[in-house]
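Novice: Here's my sequence, what's the structure:
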Amino acid sequence: MRQVVIYPGENGYWVAECPSLPGCISQGKTKEEAVANIREAIEAYIEALEEDDLAVPEDRFETLVVAV
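Specialist: Numbers count the residues shown, from 1 in each chain. Just a heads-up that it's a prediction; the model follows:
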């Protein structure tokens with residue numbers, strides 16, 4: 001299980017990224033597509049680490065919403 005941040009990008013697409021996996025970012029035309037794409041990206045990222053016998057980072061992030 002991984003935390004994902006999703007937000008609207010500048011190009012009208014939704015951007016999704018997984019903070020615990022540096023550089024693991026994807027996007028989609030809709031939120032649902034972005035979530036499906038980041039799920040695939042996370043799976044591929046972890047698979048690549050395991051194939052190279054590298055440690056998979058733990059998901060140690062906590063997200064908050066701060067009203068300003």
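Novice: Let me see the ranges of the helices in this structure.
Specialist: 31-51 (DSSP state H).
Novice: residues in contact with the lowest-mean-pLDDT helix or strand in it?
Specialist: Counting by mean pLDDT, DSSP states H and E, the chain has its least confident helix or strand at strand 5-8, which shows a mean of 95. By CB atoms under 8 Å, 6 or more residues apart in numbering, the list of residues contacting strand 5-8 from outside reads 14-19, 31, 34-35, 38, 63. C-betas here are computed from N, CA, C, even on glycine.
Novice: Name the weakest-confidence residue in those residues, if you would.
Specialist: Of all the contacts of strand 5-8, residue 63 carries the smallest pLDDT score, 77.
Novice: Tell me the confidence at the nearest residue to that one once chain neighbours are set aside?
Specialist: Of all residues not flanking residue 63 in the chain, residue 3 sits nearest, at 6.2 Å (CB to CB, 6 or more residues apart in numbering). We have a pLDDT of 92 for residue 3.
Novice: what's the burial count for residue 3?
Specialist: 13 (other CB atoms under 10 Å).
Novice: Contact partners for it?
Specialist: Contact criterion CB under 8 Å, 6+ apart gives 18-20, 59, 61, 63 as the residues in contact with residue 3.
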